[in-house]
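Q: A structural model of the following input is requested.
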Amino acid sequence: METRKKVGLFTALAGVALVVTSITAGTASAGGSVTGGQTIPSGNTNGNLPATCDETEWHWLINGLGNGAGVSDVPATISVTWDKAPSPTVIALDNVTGGTAHYRYFGHLADGAVPQSASATFPAGTTVESYNNFNLSHGGLCPDDTVPDETEPEETTPETTPETTPETTPDTSPETTQVGSEGPTTTQSGSGGELPQTGSTQGLALTVGLVLLGLGAVLATITRRSATS
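A: Predicted coordinates for the structure are as follows:
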């Protein structure tokens, strides 16, 4: 019975130790102790944009350095890799205020690039013993912005509409030539055929009349001769 109690107590203590160890490990991932020449990674520079967008700058910071930390105690530069750049970008220290080191960068703001990782190395003679966080504070395109398309738009040729010429319908109306009082009568085309010309009829009547007059004169002459004889 006593042995069982000891085993149970040992198991409980081991569980408490595991919980404490896990909590301590979680806290150390966001910061921890540092020594000269040590390189630390950024906690949230992992291919995701920060929660706060800013189209004017990228801003990394290392905080919790202690109020006595100066420029010579913090990393002089940080190195950042990007998804759209073949080589890392080295960003110089901007300033140190209130135990926080600030690093600002003004490139890759319009091309939609996203930082993949960041690292910083403390100088050999640093007096800083620990830090709290090394994070990307803000930067990058806001969600409503779009990256401009560099593809040139295709030229569109205006579609030419063929010009249509209206068809001319031939005039089938009969032609009528107006005839003067002395001219010949115009022949009218139509289903009834041609009409006789007025001038020709008058000439024929005149000729017949002259012939009849001649015959009358001849008959009168013959009648006189017969009467005389």
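Q: Kindly tell me how buried residue 34 is, as a neighbour count.
A: 21 (other CB atoms under 10 Å). Every C-beta, even on glycine, is put in place using the N, C-alpha and C of the backbone.
Q: And the closest residue to it other than its chain neighbours, how far from residue 210?
A: Leaving aside its chain neighbours, residue 34 sits nearest to residue 122 (5.3 Å; criterion: CB to CB, 6 or more residues apart in numbering). Separation of residue 122 from residue 210 (CB to CB, to the nearest Å): 149 Å.
Q: So between the two, which is more surrounded?
A: Neighbour count, other CB under 10 Å: between residue 122 and residue 210, residue 122 has more, with 21 against 10.
Q: Just to check, that one is in contact with residue 38?
A: Yes: counting by CB atoms under 8 Å, residue 122 does reach residue 38; the two are 5.3 Å apart.
Q: still on that earlier bit, give me every residue that touches the residue nearest to residue 34.
A: Contacts here follow CB atoms under 8 Å, 6 or more residues apart in numbering; on that basis residue 122 touches 34, 35, 36, 37, 38, 39, 40, 73, 74, 75, 128.
Q: any idea how far the fourth one is from residue 75?
A: Spelled out, that is residue 37. 11 Å.
Q: So these two - more neighbours on which side?
A: The neighbour comparison of residue 37 against residue 75 (other CB under 10 Å) goes to residue 75, with 23 against 11.
Q: residue ranges with poor pLDDT in this structure?
A: Applying pLDDT under 70 to the chain flags the ranges 1-30, 145-202, 229.
Q: just to revisit the earlier point, secondary structure and distance to residue 118 added to the contacts of residue 122, as JSON lines?
A: Formatted as JSON lines, those follow (DSSP: H, G, I helix; E, B strand; the rest coil; distance: CB to CB, whole Å):
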{"residue": "34", "secondary structure": "coil", "distance to residue 118": "16"}
{"residue": "35", "secondary structure": "coil", "distance to residue 118": "20"}
{"residue": "36", "secondary structure": "coil", "distance to residue 118": "20"}
{"residue": "37", "secondary structure": "coil", "distance to residue 118": "18"}
{"residue": "38", "secondary structure": "coil", "distance to residue 118": "15"}
{"residue": "39", "secondary structure": "strand", "distance to residue 118": "11"}
{"residue": "40", "secondary structure": "strand", "distance to residue 118": "10"}
{"residue": "73", "secondary structure": "helix", "distance to residue 118": "19"}
{"residue": "74", "secondary structure": "coil", "distance to residue 118": "14"}
{"residue": "75", "secondary structure": "coil", "distance to residue 118": "11"}
{"residue": "128", "secondary structure": "coil", "distance to residue 118": "18"}
